[in-house]
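Undergrad: based on what follows, work out the 3D shape:
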Amino acid sequence: MTSNRRLALLVLCIGATLALVACGTTEPSDPIASDGSSSFNGEIDPTDETFLLKRITGPGLNVDLVGSNLRIDPVEEHVILDVAVHNRTDRPMFAPARVTVGAFVPSAVFPVNVDERIANVPENPIQWYGYYDYTMQLGDDGMLGPGETSDTRTWIFSSPGLQAFSFAAFAEFSMDPNRGRISGVAFQDENRNGVRDANEPPQPAISIRLTGPGGQAQSTLVNPNGEYAFFVDSPGLYSLRAEALLLSPLPVCYTTPNPLEVVVPPTSTTGDLAGNFDDADFGVVIGCDFEPLPAIELTERELSEFPQDQYDLLGFELVGDVFHVKAAFSGCGPDIPMRLVASKHLMESNPPQTFMILSVFNPGPDCDAHWQRNLRFDMSPLRELLTSASGEVGRLILRFIDHAGNEHRIEYGG
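TA: Model prediction:
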């Protein structure tokens, strides 16, 4: 952040003289790679419209949680509060940034809009509920400078009977500005072309879940501009999946790959520092008023039994669960049947392999006209074929044979 933001405060954040929890024993079970943390104790009384956030300074971190704009929703029995983070130190703090909440008293109270729930372990004396990701609230530079205050995030608590309650909070920040970044935007893809055009608005209320090379996962919500960011420590293959949180009876579809596979390159000769990938965008269509992608066909039949009229393969690419193919052919029109077909019979190898073809039926190949088509196929049926009993999706080598007899090896899954 480059400017200080001032809030109309309803509360004075003070340092506590008695720690509710000790930072060394109460960290959430899946902490971020951070260099500092602080614990807090919060008390909210909706009937008096008052609240208090008490700070307990932790190792390497001295921040305040700054609350404002307390309000209630009597119909839903929700208590709503805007919360920012203030840097009390004389040095900058960096993303990733999280504030985790839990230990609610009474236990019937819970936050309804955390970015991700936390799996607790029985030996943890504090039962953490979930966390709010503050990465996008730090500004474009991903930094909270000395004395600066972040943008606010809205916390929504379900409080049956709108009763008073207390809770614990745990703030984590990085002190290292050199972490890699994966970022993007969710947008309303009005022309369904899979690319954000100049006049297409952002799509809020989208949750993005990131899974890293070692299987570790984290989630965040896009901000009102549809933007999100994750900060990562290691280069490698990451998977991102978008989930709509819209209160709409209409289905939600995506014009971009979902999940999206992203390779974060190394930035050092030793290969241990992660670089950046800033184009992990998700195109969203509410209502799905477009034709769904045709799916790959998995067959028990011999592939030679399918029509294989002539075509020229101009290019192909597998992006997530979508297979893109560009083909050229002669005929009386462009709309000839083209199907992507793979054999269900997997070869016993590690990883397993199977053959795949583009089946083309051209009823008018003698016409002089020449055509090109850009095809897309949904590859997700392969997931059922590859999913193990543990729920893990394995790898598969697709041996794609084009009309000229050339074999192209494509790796799917994993």
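
Undergrad: how close does the residue nearest the centre of the chain get to residue 400?
TA: With distances taken as CA atoms, centre = their mean, residue 208 lies nearest the centre of the chain, 2.2 Å away. Applying CB to CB, to the nearest Å, the value for residue 208 to residue 400 is 31 Å. No exception for glycine: its C-beta is placed from N, CA and C like everyone else's.

Undergrad: repeat for residue 144
TA: Distance from residue 144 to residue 400, by CB to CB: 49 Å.

Undergrad: who has more neighbours, these two?
TA: In this view residue 144 and residue 400 are compared by other CB atoms under 10 Å, and residue 144 has more residues nearby, 26 against 21.

Undergrad: ok, that one - contacts?
TA: Contacts for residue 144 (CB atoms under 8 Å, 6 or more residues apart in numbering) come out as 1, 85, 87, 92, 93, 94, 97, 138, 150, 173.

Undergrad: of those, which is the most crowded?
TA: Neighbour max across those (other CB under 10 Å) = residue 93, 30 neighbours.

Undergrad: now do the strands in the stretch 201-350 of the chain.
TA: 206-211, 217-221, 227-232, 236-244, 252-254, 260-264, 276-277, 282-286, 297-299, 312-319, 322-330, 338-343 (DSSP state E, counting those that start in this stretch).

Undergrad: return the most buried member of those strands.
TA: Stretch with highest mean neighbour count among the strands of the stretch 201-350 of the chain: strand 227-232 (a mean of 24; mean count of other CB atoms under 10 Å).

Undergrad: ok, and what's touching stretch 247-262?
TA: Contacts for stretch 247-262 (CB under 8 Å, 6+ apart): 182, 189, 192-194, 237-242, 244, 246, 277, 280-288, 290, 292, 319-322.

Undergrad: let's see that with 7 Å instead.
TA: For stretch 247-262, contacts defined as CB atoms under 7 Å, 6 or more residues apart in numbering pick out 182, 189, 192, 194, 237-242, 244, 246, 277, 280-288, 319-322.

Undergrad: over to stretch 346-359?
TA: 303, 306-308, 325, 327, 338-343, 345, 394-401.

Undergrad: residue 213 is in contact with residue 235, isn't it?
TA: No - look at residue 213 against residue 235 with CB atoms under 7 Å: they stay out of range, at 8.4 Å.

Undergrad: who has more neighbours out of the two?
TA: Higher neighbour count among residue 213 and residue 235: residue 235, with 19 against 13, using other CB under 10 Å.

Undergrad: ok, the more buried one - contacts?
TA: Per CB under 7 Å, 6+ apart, neighbours of residue 235: 180, 264, 265, 266, 271, 274, 275.

Undergrad: please name the nearest non-neighbouring residue to the third one.
TA: Once flanking residues are discounted, residue 265 sits nearest to residue 275: 4.6 Å by CB to CB, 6 or more residues apart in numbering.

Undergrad: thought the one you found was touching residue 236?
TA: No - if you go by CB under 7 Å, residue 275 and residue 236 don't touch, sitting 10.9 Å apart.

Undergrad: what do the two both touch?
TA: By CB under 7 Å, 6+ apart, the residues touching both residue 275 and residue 236 are residue 264.

Undergrad: confidence score at the nearest residue to residue 316 once chain neighbours are set aside?
TA: With CB to CB, 6+ apart as the criterion, residue 316 has its nearest non-adjacent residue at 4.8 Å, and that residue is residue 325. Residue 325 is assigned a predicted lDDT (pLDDT) of 91.

Undergrad: got phi/psi on residue 384?
TA: phi -60, psi -40 (degrees, to the nearest 10).

Undergrad: again, but for residue 383
TA: Torsion angles, degrees, to the nearest 10, at residue 383: phi -60, psi -40.

Undergrad: for burial, what's the neighbour tally of it?
TA: For residue 383, using other CB under 10 Å, the count is 14.

Undergrad: and residue 372, by the same measure?
TA: By other CB under 10 Å, 12 other residues sit near residue 372.

Undergrad: and what of the one 5 residues further on?
TA: Residues lying near residue 377 (other CB under 10 Å) number 22.

Undergrad: same deal with the one 4 residues further on?
TA: Burial of residue 381 is recorded as 14 neighbouring residues (other CB under 10 Å).

Undergrad: state the distance from the nearest residue to it once chain neighbours are set aside to residue 238.
TA: Excluding the flanking residues, the one nearest residue 381 by CB to CB, 6+ apart is residue 295, at 5.3 Å. Taking CB to CB as the measure, residue 295 falls 25 Å from residue 238.

Undergrad: nothing else from me, thank you.
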